[in-house]
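Asker: sequence and predicted structure below; questions after.
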Number of protein chains: 2
Amino acid sequence: MRYNNFIYLLNDSLEKKDIQLALDAVSTFQPADMAEVLAKLPHDNALILLLELSDRAFVFSHLDAEDQVHFAQHMTRATLAEIIGEMPSDKRVDLYKSLTAEQQDALLPALAQLEREDIRKLAAYHEGTAGALMSSEYVTLKPEMTVTEAIRTIRLEAPDRETIYIAYVLDDHRRLIGVISLKQLILAQENQIISNLMTKDVICAEVDLNQVEVVKMIERYDLIAVPIVDEHGEMVGIVTYDDAMDVVIEEANEDFLKAGAVQASSKINLKTAPINLLYRKRVFWLVFLVFGSLLSGIGIAHFEEIIAAHIVLVFFLPLLVGSGGNAGSQSATLMVRALATGEVGIRDWFALMCREVLVALCLGGTMAIAVSLLGYYRGDAAVSLVLALSMVGIVLLGCIIGMSLPFILNRLGLDPASASAPLVTSICDATGVLVYLYIASLILGLPV
Amino acid sequence: MRYNNFIYLLNDSLEKKDIQLALDAVSTFQPADMAEVLAKLPHDNALILLLELSDRAFVFSHLDAEDQVHFAQHMTRATLAEIIGEMPSDKRVDLYKSLTAEQQDALLPALAQLEREDIRKLAAYHEGTAGALMSSEYVTLKPEMTVTEAIRTIRLEAPDRETIYIAYVLDDHRRLIGVISLKQLILAQENQIISNLMTKDVICAEVDLNQVEVVKMIERYDLIAVPIVDEHGEMVGIVTYDDAMDVVIEEANEDFLKAGAVQASSKINLKTAPINLLYRKRVFWLVFLVFGSLLSGIGIAHFEEIIAAHIVLVFFLPLLVGSGGNAGSQSATLMVRALATGEVGIRDWFALMCREVLVALCLGGTMAIAVSLLGYYRGDAAVSLVLALSMVGIVLLGCIIGMSLPFILNRLGLDPASASAPLVTSICDATGVLVYLYIASLILGLPV
């Protein structure tokens, strides 16, 4: 509540044109917090305040794409060009991409030559690659420099660079030949030569590598940044640890939503998203899954006579069919996660399946004992046998389906994470119904 | 394959006691990669190689807890003490915690006084808090130092510190009064005083803060490290961005597994985990969920007569009941995610529920139209009406259950992520059966 009261007072001081009071009130705010405040103010007052902030380009970088575009439309072209000029290059190109073609054309001429070329170059990389994630602000050194010269270069370039803690050593063709940290430089003698100090086995990524792989490199080797090179080995950018962390969070959100059969988008805000957006993200899978359930219905219709003759079978239907779906969901969950973290690959399918069959038999066996006791109590020995056999078969089939589906989706070029619990459950339900009623019809038979 | 061949040759050279050849072969390896190689070698040869590595303490830090303990048991106490002395303090305490009480007692006397105290202090913090995650290696400065003195201090301390890019300014009582980056120092004049340069609004966390909150600070403010203070404002450690990233990945894995009703542990490796571990991680939920299915069965048994009279109802049972479970899983997924990212809180429950009811009515309405057409085709107008009404009711109830369950679990002090798709499905199934068959008995009635 106190936060809303603050926003109320802040807006009041802006209404009264007391800009200085508003600026004093927010003087200690971090850019991320300031962006949150701006998003809560009415647009016109937010814009007035934004333009007066000393770190406005950074605050602007932290706004949502939607708010950025809105503010951009209400600034003079010169102001917008100035802010864009000061933004980190990766944030800048994200904004550029969210503008319409007309807005892009209106903006470009206002920018300095270098910025224009930089935006054009970065905007050309495909979403989801290292190129689309990278920034073009990094410090480069020459191999023949001394430590003193290197530190002087870093000092000169520092204000404009995303990180100065790692510097990249390039040859005359801009090929990446080494990397040196500011820590190494600080610890070295002043007249040492960079080429003797630098690390020559550089961990780097190609510009079209999947962003998930780039992030894994940062995580595995605890890097501050990964240098990105093109197909000729020329350096074109860096991906920093903070962007990597954003990707990790975004990908985890998307996978999580997919596993719950919600169309993935890590950007839905439950509190503010329009109802029809929430509807659209969910209706596809719900309707699609109806077909799975229809298969179960058809299975049941096929065995209508045996059900009518042994109505006790219906009592156990949800239990048996549900257990298959649950076991299958578990298998799919473990498999999707293992594929996402890179712990297993497609080539491991057969070995994993053998292990899964063993686990499934243990799980099915445990459940069979429980359910057959129950079956004996509600029915007779024959029903009990039907239940035990069905349970083992259904759990086994469920696990095999749950484990295979992510692999099959991957083979078809789809995202294995689409093997959501509801999808696996629907498929397992249909096969479970068939297994159960088929076994029942074999053992119990129809009354004569 | 080539990797396995490499391991084979490496092991051969170790068998032949040609240590130098082995060392040359791995000389360009990063510690993380070297640890992976060691884990693949037979334990005795791996230990021989490990002890010869120049960066053995870092490689050792990258090993699994299990392998660390194993190697530790086969080293002399002096060697172990030396390696532990060189390990980063947060990794060191993790190892210490995975030793048995006897092993801990045997180890401590071999360590230097300072290391011993450091381990004891760090080991006292609860798992999952900032304290358990932090490292005690950071650079501290005094406010009255000049830039030259500060850089000299950093240079002296650099080899032992986890990061030297951020230095913390403490007063005489070790209270944190400011923070300064190496970037600021490099850009400043040599004779400037630290207290005039430093940032005084320090973003810091208390030692008992949940690790997830610490990680969110690093992510939000793009920090390299967060300083950790005790209840008196005295600085006790730092949490660095690379540890934060590990936590993000670990938490995402755990939530994902929970959502699939697998007992959470981000450390299961599907390829190598023993079968009985995989069995145990899954059997609890499977058996627990049987009770949910039993409720469905009891519901069905209660309406046995109406089913027997209108056997067509069974055909649509999986479809209706499944749709409720699927819609409920979607709601639970969205809600668990939103709670985990901090996008919504417990206080938003009512507002979110109102929105959810609207979405559910739209989804239920869409599905009702589809299913009533199908019902008219397979049955008659009355069946069609039963299906349409049931579908709206079941999807609505499913969404309400799916949305409420994470909140209820949270209120009970449990992890909202335990509201897995299989759990929600089981509960929705049972309520769906009751709704469907109750509506059917009202409209269709029993034959006279």
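Answerer: Sure thing, it's come through.
Asker: how close does the residue in the stretch 151-300 of chain A that chain B sits nearest to get to A:F288?
Answerer: Per C-beta to the nearest C-beta, A:G260 is where the stretch 151-300 of chain A lies closest to chain B, at 2.5 Å. Quick note: C-beta positions are derived from backbone N, CA and C, even for glycine. According to C-beta to C-beta, to the nearest Å, A:G260 stands 14 Å off from A:F288.
Asker: with neighbour numbers in mind, choose between these two.
Answerer: Per other C-beta atoms under 10 Å in any protein chain shown, whichever of A:G260 and A:F288 has more neighbours is A:G260, with 29 against 14.
Asker: the more buried one touches B:S329, doesn't it?
Answerer: Yes. Between A:G260 and B:S329 there is a contact under C-beta atoms under 8 Å: 5.4 Å.
Asker: where do the contact lists of these two overlap?
Answerer: Jointly contacting A:G260 and B:S329 under the rule C-beta atoms under 8 Å, 6 or more residues apart in numbering or on different chains are A:S420, A:A421, A:P422, B:A421.
Asker: residue in the stretch 301-448 of chain A nearest to chain B?
Answerer: Closest point on the stretch 301-448 of chain A to chain B, by C-beta to the nearest C-beta, is A:T333, at 2.5 Å.
Asker: quick check: closest non-adjacent residue to that residue.
Answerer: Closest residue to A:T333 apart from its sequence neighbours, by C-beta to C-beta, 6 or more residues apart in numbering or on different chains: B:G260 at 2.5 Å.
Asker: residues touching A:T153, list them.
Answerer: So A:T153 contacts A:V139, A:L141, A:M145, A:A167 (C-beta under 8 Å, 6+ apart).
Asker: backbone dihedrals for the closest residue to the third one other than its chain neighbours, please?
Answerer: Nearest-residue entry for A:M145: A:I194, 4.8 Å, with adjacent residues in sequence omitted and distances by C-beta to C-beta, 6+ apart. Dihedral angles of A:I194 (phi, psi; degrees, to the nearest 10) stand at phi -60, psi -40.
Asker: wait, doesn't A:I194 sit right on A:I180?
Answerer: Yes. Counting by C-beta under 8 Å, A:I180 is a contact partner of A:I194 at 6.3 Å.
Asker: okay, and the common contacts of the two?
Answerer: By C-beta under 8 Å, 6+ apart, A:I194 and A:I180 have these common neighbours: A:L141, A:A150, A:V169.
Asker: so which of the residues you listed are in strands?
Answerer: Judged by DSSP state E, strands contain the following of the shared contacts of A:I194 and A:I180: A:L141, A:V169.
Asker: mind putting the shared contacts of A:I194 and A:I180 in TSV, distance to B:L385 included?
Answerer: Output for the shared contacts of A:I194 and A:I180, formatted as TSV (distance: C-beta to C-beta, whole Å):
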residue	distance to B:L385
A:L141	78
A:A150	81
A:V169	77
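Asker: what about stretch A:165-174 and chain B, any contact?
Answerer: Yes. Counting by C-beta under 8 Å from any C-beta of the partner chain, chain B has neighbours in stretch A:165-174: A:Y165.
Asker: contacts for that stretch next, please.
Answerer: Against stretch A:165-174 from outside (C-beta under 8 Å, 6+ apart): A:138-143, A:150, A:153-154, A:176-183, A:185, A:194-195, A:198, A:223-225, A:227, A:232, A:234-235, A:238, B:165, B:182-183.
Asker: that one - what's its average pLDDT?
Answerer: Across stretch A:165-174, the average pLDDT comes to 94.
Asker: how about that stretch: buried residues?
Answerer: For stretch A:165-174, the buried set under the neighbour-count rule, 16 or more other C-beta atoms under 10 Å in any protein chain shown, comprises A:Y165, A:I166, A:A167, A:Y168, A:V169, A:L170.
Asker: same question for stretch A:111-122.
Answerer: The neighbour-count check on stretch A:111-122 (16+ other C-beta under 10 Å) flags A:L111, A:E115, A:D118, A:I119, A:L122 as buried.
Asker: can you tell me which of those residues are in helices?
Answerer: Members of those lying in helices (criterion: DSSP state H): A:E115, A:D118, A:I119, A:L122.
Asker: which non-adjacent residue is nearest A:R411?
Answerer: Leaving out its chain neighbours, the residue that sits closest to A:R411 by C-beta to C-beta, 6+ apart is A:I346, at 7.3 Å.
Asker: and the pLDDT at that neighbour?
Answerer: Confidence at A:I346, expressed as pLDDT, is 77.
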